[in-house]
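Asker: build me a model:
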Amino acid sequence: MTTQTTPAFRYAAVTFDCADPQELAAFYGELLGHPVLFSTDDFVLLGKEGAAGLGFTRIAGYRPPTWPDPARAKQAHIELGVDDLAEAEQRLLELGAVKPEFQPGEGRWTVLLDPAGHPFCITTLA
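Answerer: Alright, predicted model coming up:
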């Protein structure tokens, strides 16, 4: 009699395509407080030992999303919880984020673009 086992899966990381992985890793590393776990010219992984990470990989000819224009859809985005929307927005803009004119959150959240053009949201935790 054979026993079939199911492999265990765990969330390890999400990786973003970009033109410059070091630049994007510096942005997210600063805002999340995550150190570089692994780095090459074409890939950087941020995280903390034992926790899920965030990776950035160089793509030749990378073209950023054009959100909210659907010409090159966002495909995915990260949600970040914050205590104070205005304070978090200011800090992220200082780090190199850009605030697009279109804001669908009606004050509940703010959409920003990272230095590679990926949309991400900040929202209050309360």
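
Asker: report the contact partners of the residue nearest to G55 when sequence neighbours are not counted.
Answerer: In space, and not counting its chain neighbours, G55 is closest to T15: 3.5 Å by C-beta to C-beta, 6 or more residues apart in numbering. Every residue, glycine included, has its C-beta placed from N, CA and C. Listed by C-beta atoms under 8 Å, 6 or more residues apart in numbering, the contact set of T15 reads F43, L54, G55, F56, T57.

Asker: now the second one. Its backbone dihedrals?
Answerer: Backbone torsions for L54, taken as degrees, to the nearest 10, come to phi -130, psi 120.

Asker: what sits against it?
Answerer: So L54 contacts A13, V14, T15, F16, Y28, L32, H34, L45, L46, G47, I78 (C-beta under 8 Å, 6+ apart).

Asker: where does pLDDT dip in the chain?
Answerer: For the chain, the stretches flagged by pLDDT under 70 are 1-3, 7-9, 125-126.

Asker: which parts of it are helices?
Answerer: Using DSSP state H, the helices of the chain run over residues 21-32, 85-95.
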